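> how would this look folded up:
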Amino acid sequence: MNTKFPAVLLAVAVAAVAAPGKLILNGKTIPLTHVYARKAPDKFEPKLTAVYVLAVDRELPPDVRADSDAIRDLQWEEKLNGVEIQFRDGGINWSIFAAELRGAPSGSRSPNPYTLAVDGGRVRGTVKMEEPSKLGDLEYYYEFSADAPIEVKVAPPPPTAADRAAAVTSAPAKAYMALQTALMKGDKAAIMKAVDPAKAAAIDTPEFPQMLKMIQSMQPKNIQVLRAKETGDAAVLDLSGNGGAEAGVIKLQKIDGNWIVMKESWKKKN
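Okay, here's the model as predicted:
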């Protein structure tokens, strides 16, 4: 599973300037107001890095715009509309995403058909389709200009002994570990109270027993909370599981005075 770090340091701290553009989906125009660029693992070969350009309909904070996982989360949650261009093998890969779309239509062009290029630590140029195109029932068109610094996500320092000691007694950590106990016991009522309403609705179905078996088999064992960070009514936990072989990140939200697990993600350590 993918994960993302709650704290991000950027190699370049200067925000991208607003750059007008547009995305048209079946005749509906979505203004693209901000363009960002980042260096991140290649989607197809994670051991390699690639440069991505993101044109979106809202301003993104520094801890999001350089984080591929954070951007993907916003797309899945239907909170972001825009176009992403990846430089690859002399050409480009493109994808579009919007709340009204199911999935993210994508494709590739080679050689790079746009003036968009990496220049001195920035991405500059113009992306403009020659004409609208169709993909199934979707007619789409996009264009935007870019002049943005290439930002890089840097992992935060590893948790300290003090972080671990504080995390064990934190209320969000206790809430998450209580959820783990409920999952292993198959306590449906307790599980529903501990997760966000959308997930609770999915749990409250006749298919729950089979779903529970799958969740129990996939969940890492010997989970330890390494760090807990609270910011108002939000919290992020850094975890280890399976004897340290996997790293997890948990997002919680305080709702009606109770810490609720909103998102859980795990990945194997390199």
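> Can you name the residues bridging to Ile150?
Ala37 (DSSP bridges).
> and the residue lying closest to Lys47 once chain neighbours are set aside, what does it touch?
Among residues not flanking Lys47 along the chain, Pro41 sits closest, at 7.6 Å (CB to CB, 6 or more residues apart in numbering). All C-beta spots, glycine's among them, are computed from the backbone N, C-alpha and C. Shown in contact with Pro41 (CB atoms under 8 Å, 6 or more residues apart in numbering): 47-50, 68.
> tell me which of those residues is nearest to Met129?
Using CB to CB, Ala50 is the member of the contacts of Pro41 that lies nearest Met129, at 21.5 Å.
> how deep is that closest one tucked in, by neighbour count?
By the criterion of other CB atoms under 10 Å, Ala50 has 18 neighbours.
> in the helix or strand harbouring it, what's buried?
Using DSSP states H and E, Ala50 sits within strand 49-56. Buried residues in strand 49-56, counted by 16 or more other CB atoms under 10 Å: 50-56.
> Using PDB, list the CA coordinates for it.
Output of strand 49-56 as PDB, limited to C-alpha atoms (Å, rounded to 0.1, in the frame of the first residue of the first chain):
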ATOM      1  CA  THR A  49      12.600   9.500 -10.700                       C
ATOM      2  CA  ALA A  50      10.600  11.600 -13.000                       C
ATOM      3  CA  VAL A  51       9.400  15.200 -13.300                       C
ATOM      4  CA  TYR A  52       5.600  15.900 -13.100                       C
ATOM      5  CA  VAL A  53       3.700  19.000 -13.900                       C
ATOM      6  CA  LEU A  54       0.300  19.500 -12.300                       C
ATOM      7  CA  ALA A  55      -2.300  22.000 -13.400                       C
ATOM      8  CA  VAL A  56      -5.200  22.200 -11.000                       C
END
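> Okay, buried residues for the helix or strand following that strand please.
Once strand 49-56 ends, the next helix or strand along the chain (criterion: DSSP H and E) is helix 62-65. Neighbour-count burial for helix 62-65, counted by 16+ other CB under 10 Å, picks out 62-65.
> what's the answer for stretch 255-265, then?
Of the residues in stretch 255-265, 259-265 count as buried by neighbour count, 16+ other CB under 10 Å.
> for stretch 145-155, same thing?
Buried, per 16+ other CB under 10 Å, within stretch 145-155: 145-146, 148-151, 153.
> can you point me to the longest helix in the chain?
helix 171-185 (DSSP state H).
> I'd like to know which elements the helix or strand immediately after that one in the chain is packed against.
Sequence-wise, the next helix or strand downstream of helix 171-185 (DSSP H and E) is helix 188-194. Contact analysis of helix 188-194 by 3 or more CB pairs under 8 Å, 6 or more residues apart in numbering; DSSP states H and E lists helix 171-185, helix 197-203, strand 258-268 as its packing neighbours.
> before we move on, the earlier item: and which of the buried residues of stretch 145-155 is nearest Ile203?
Proximity of the buried residues of stretch 145-155 to Ile203 (CB to CB) peaks at Lys153, which lies at 32.8 Å.
> can I assume that closest one sits in a strand?
Yes. When classified by DSSP: H, G, I helix; E, B strand; the rest coil, Lys153 is found to be part of a strand.
> Distance of it relative to Leu25?
Look at Lys153 and Leu25: by CB to CB, to the nearest Å, they are 29 Å apart.
> any idea of the pLDDT on the residue nearest to Lys47?
For Pro41, the pLDDT comes out at 93.
> Next, work out how far apart it and Ala50 are.
7 Å.
> do the same with Gln180
From Gln180 to Ala50 the distance is 36 Å (CB to CB).
> Likewise for Glu207?
39 Å.
> rewinding a little: least reliable of the helices and strands packed on helix 188-194 going by mean pLDDT?
Mean pLDDT is lowest for helix 197-203 among the helices and strands packed on helix 188-194, at a mean of 85.
> Could you pull out the buried residues of it?
Of the residues in helix 197-203, those buried (16+ other CB under 10 Å) are 199, 203.
> Show me what it is packed against.
helix 188-194.
> can you pull the buried residues of the helix it packs on?
191-192, 194.
> now, among those, which is nearest to Glu77?
Closest approach to Glu77 among those (CB to CB): Ala194, at 19.6 Å.
> any chance you could map the helices in the stretch 1-150 of the chain?
Applying DSSP state H, counting those that start in this stretch to the stretch 1-150 of the chain gives helices spanning 62-65, 68-76.
> Good, we can wrap up now.
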